[in-house]
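Asks: Everything below, folded, please.
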Amino acid sequence: MADFYLTKSDFLDYRLCPSYCWVKKNRPDLSRQLFTLAEQRRFYWGQQLDRLAQKLYPDATTIGAVKIDQALLDTQQALSDGTAQVIFQAAVLGPQGFFARADILIKETHGWHLIEVKSAHATSTQTTTQTPLSSAPPSRLPELP
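Replies: From the prediction side, this is the model:
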């Protein structure tokens, strides 16, 4: 496994401020450790939204590992044993060390359907920076190690 990973959050941090992303990845001791009230609120509602999504698929396999290497192994196990029809928080690692987690993977006849769960105050057709990262068809997803 690579010692250095880039997550979707890292990518978005870099788009906001490349220097902040560098400090966060290379000198975490210098980066801010506490979350603002707004960030805490966003985390809370994100968890609530995940719980609602999981009620739609009560028999789904959930990849609960926090550590990247374990999440990758657990995902590989869930995909290879053939019994999982729906997987929450599946982990993939791209060939250049890019790490991502899929909110929901649903097994289909010819592969997997990836669903990214998002909350919003209103519907929008506006394309965001995250769209290319969260809408790859199963044939374009990186192979697991």
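
Asks: what's near enough to touch D74?
Replies: Listed by CB atoms under 8 Å, 6 or more residues apart in numbering, the contact partners of D74 are I63, G64, A65, A91. From N, CA and C alone the C-beta is placed, and that goes for glycine too.

Asks: PyMOL command for the buried members of those residues?
Replies: In PyMOL, the members of the contacts of D74 classed as buried (16 or more other CB atoms under 10 Å) are selected with the following command:
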select buried, resi 63+91
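
Asks: could you dump the contacts of D74 to JSON lines with secondary structure and distance to S31?
Replies: What follows is the contacts of D74, written out as JSON lines (DSSP: H, G, I helix; E, B strand; the rest coil; distance: CB to CB, whole Å):
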{"residue": "I63", "secondary structure": "coil", "distance to S31": "26"}
{"residue": "G64", "secondary structure": "coil", "distance to S31": "26"}
{"residue": "A65", "secondary structure": "coil", "distance to S31": "23"}
{"residue": "A91", "secondary structure": "strand", "distance to S31": "23"}
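
Asks: any residues touching the longest strand seen in the chain, and which ones?
Replies: Secondary structure of the chain read by DSSP state E shows that its longest strand is strand 99-108. Here strand 99-108 makes contact (CB under 8 Å, 6+ apart) with 5-8, 50, 53, 57, 60, 63, 68, 71, 84-94, 112-117, 133, 138.

Asks: Who are the contact partners of the residue sitting furthest away from the middle of the chain?
Replies: Of all residues in the chain, L30 has its C-alpha farthest from the mean position, at 25.1 Å, by CA atoms, centre = their mean. By CB under 8 Å, 6+ apart, the contact set of L30 is V23.
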